[in-house]
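**Student:** would you be able to build a 3D model of this:
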Amino acid sequence: MSPNVSRRSFLTTASSATVAATLASTVSWTAKSYGQILGANDRIGVGIIGAGVIGTAHLNVIKNLREQNNLLPVAVVDCWKTRADKGQALVEAEHSLTDYRRLLQRKDVDYVVVAVPEHWHSTMTIDALDAGKAVYCEKPMTHTIPEAQAVMKKQKETGRPLQIGVQAMSDNSYITARDAIRGGVIGKVIQAQIEYVRRYDAKLGPWRVPSAVAEHQIQPADLDWNAWLGHAEKRDWDPHHYFEWRCYSAYSGGICTDLFIHRITRIMRACDLLYPRRVVGMGGIWQWPDGRDLPDNIEMICEYPRGMTVYVLGTMSNRVGIDHLIRGYRGTLFFTATGWVAKDKDGKVLAEHHKTGAEDQNLHHTNLHNHLRNGEALNCPAELGMAGVVAVNMANESWRSSQMMGWDRVHEKMVPASTLQQSHEPEE
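**Tutor:** Residues are numbered from 1 along each chain as shown. Okay, here's the model as predicted:
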C-alpha cells in the first residue's frame, strides 16, 4: 500500500470484513482456497521460528490452543539446538530444527510464527510468504522502514495473510473508539497521549540478564552464532549481544520498537492514522551507560496530517504512568481497564464502551486461525504494522540525529523535516 493512500479509506477497509473480500478479488489465495489446503479435519499446521523468551510465550499459546483450535505443531526452529529441542518438547512438535528454511519446505505447515530478534523479521517473513505460508510476525513488523516496504510488497505479491503481533489489536476498544470518534462523540480530535513505563533495577537496566551472560561466557557448542547474526555486522561470540539484543541497534530499536509499537498502534487504530508528518524523539542513555547504544529513557511526539499530535512517554526509571486518552474539542476519550469512557469538559459521560477481547496472544493467534478458515478480518494486518514501523523508526532517527524527522510521501522515506515543505494545517 502506498503511504499516499487515504488513512480513512485504508482503515475503513482494514478494520472490517471487507478486507477479505478485497483480497479475494485481487489475489488467488482466498479464504476458501486456504480452507482447501488445511490439514485433515480443518487442522492447521504450525511452525514456530524462535524458542527464546518471546518464542516460548508463543509456544505456550500453541500448546493452549492445540485442541480447541485444532492445531498441529509441526516443527520448532532455533539456531540454538538446545532451545529448539526444549520448544519441541513443550508443544510435542514433530520436528526440532536449526535452519528455518527446512521448515518452510514442509507442505504440512500452514502458518509460521516469527518470534526472533527484529533484524531477522523481514528476511524470515518474506521467505515464508514466498513459500506459500501465512505468517504471524512478532512486533515490530521489521527492523527498518525499507524492510517494512519490502515485506509489504511481498505480501501483496503473494496474497498470503500476515498478522503482526501487536496483540492489543485483539481488544475491540480501539476499533469502537474509532467508530465513536468518527461519529463526532468528542468533536475534532487534536491530541492523544499514551505511555509504556517501567522501573528497572539500578544496577541492571533495561533488558540486562547478567545470570545468562555469566553462564554462557563460552559460546554453546550447539548454537550457530553466525546464523543468529545474519546480515548484522560479524563479531566474535558475545553473550551480551545474544541475550540482551534489545540494547543494541544492530538488532533492535529498543524502547521505541519493542514497547512503543504496542502503544502507538492503539492510537493509530482509534484515530484513523497511518503515516506521521513529523516526528521528534528525545531522551538518552541517562541511567545505564553500560555499553548499550539505544536510549534507556525516551519520549516521542508524532504529528499527523489530520491535524493532531500523539505523545508517547517511555521512561524505564519510573513506573508512574499517565492516562491513556484522546483529546477532542467536544470531549476526551479515556481508555480504562474495562474499555473506554468519553466525557465532556464538565465530566458528563458522552459515551462508553465495555470491551470484549483483550491484549492477549491467544486471541491474536485465534484471529489468524479464523482468518485462514473463514476470512475473518485480521486485527493487525501488514498496513497497520508498517505504519507503526514508520513512526517508531522516525522517533529513533530523530533521537540519533538530533533532528525533527519528516515523512517524504513522494519518495516514501524519512528525511529531515527541514528539507520538506510541510503544511501547518490539516490535510483532510
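
**Student:** surely residue 290 meets residue 207?
**Tutor:** No: Residue 290 lies out of contact with residue 207 (C-beta atoms under 8 Å); the separation is 10.5 Å. C-betas here are computed from N, CA, C, even on glycine.

**Student:** overlap in contacts, the two.
**Tutor:** The contact sets of residue 290 and residue 207 overlap at residue 247 (C-beta atoms under 8 Å, 6 or more residues apart in numbering).

**Student:** between these two, which one's more packed in?
**Tutor:** Neighbours were tallied for residue 290 and for residue 207 using other C-beta atoms under 10 Å; the higher tally belongs to residue 207 (21 against 15).

**Student:** pLDDT wise, what is that one at?
**Tutor:** pLDDT, residue 207: 97.

**Student:** so how far is residue 213 from it?
**Tutor:** According to C-beta to C-beta, to the nearest Å, residue 207 stands 11 Å off from residue 213.

**Student:** what's near enough to touch residue 130?
**Tutor:** So residue 130 contacts 154, 158 (C-beta under 8 Å, 6+ apart).

**Student:** and the gap between it and residue 44?
**Tutor:** Residue 130 is 20 Å from residue 44, by C-beta to C-beta.

**Student:** ok, residue 224 next?
**Tutor:** 29 Å.

**Student:** could you do residue 359 as well?
**Tutor:** Residue 359 is 23 Å from residue 44, by C-beta to C-beta.

**Student:** now do residue 67
**Tutor:** From residue 67 to residue 44 the distance is 12 Å (C-beta to C-beta).

**Student:** so for those two, which sits in the more crowded spot?
**Tutor:** residue 44 (22 against 8).

**Student:** could you count how many residues lie near the closest residue to that one other than its chain neighbours?
**Tutor:** Excluding its sequence neighbours, the residue lying closest to residue 44 (C-beta to C-beta, 6 or more residues apart in numbering) is residue 110, at 4.9 Å. Other residues near residue 110 come to 22 when the count uses other C-beta under 10 Å.

**Student:** kindly report the same for residue 102.
**Tutor:** 13.

**Student:** shift numbering so it begins at 698
**Tutor:** That works, and once the first residue is 698, the last one we named lands at residue 799.

**Student:** elements contacting the helix or strand encompassing residue 770?
**Tutor:** Per DSSP states H and E, residue 770 falls inside strand 768-774. On a contact count with 3 or more C-beta pairs under 8 Å, 6 or more residues apart in numbering; DSSP states H and E, strand 768-774 meets strand 741-746, helix 750-762, helix 778-788, strand 792-794, helix 797-801.

**Student:** how about these in JSON lines, adding distance to residue 933 and mean pLDDT?
**Tutor:** Below are the helices and strands packed on strand 768-774 laid out as JSON lines (distance: least, C-beta to C-beta, whole Å; pLDDT from 0 to 100):
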{"stretch": "strand 741-746", "distance to residue 933": "25", "mean pLDDT": "98"}
{"stretch": "helix 750-762", "distance to residue 933": "24", "mean pLDDT": "98"}
{"stretch": "helix 778-788", "distance to residue 933": "20", "mean pLDDT": "98"}
{"stretch": "strand 792-794", "distance to residue 933": "26", "mean pLDDT": "98"}
{"stretch": "helix 797-801", "distance to residue 933": "24", "mean pLDDT": "98"}
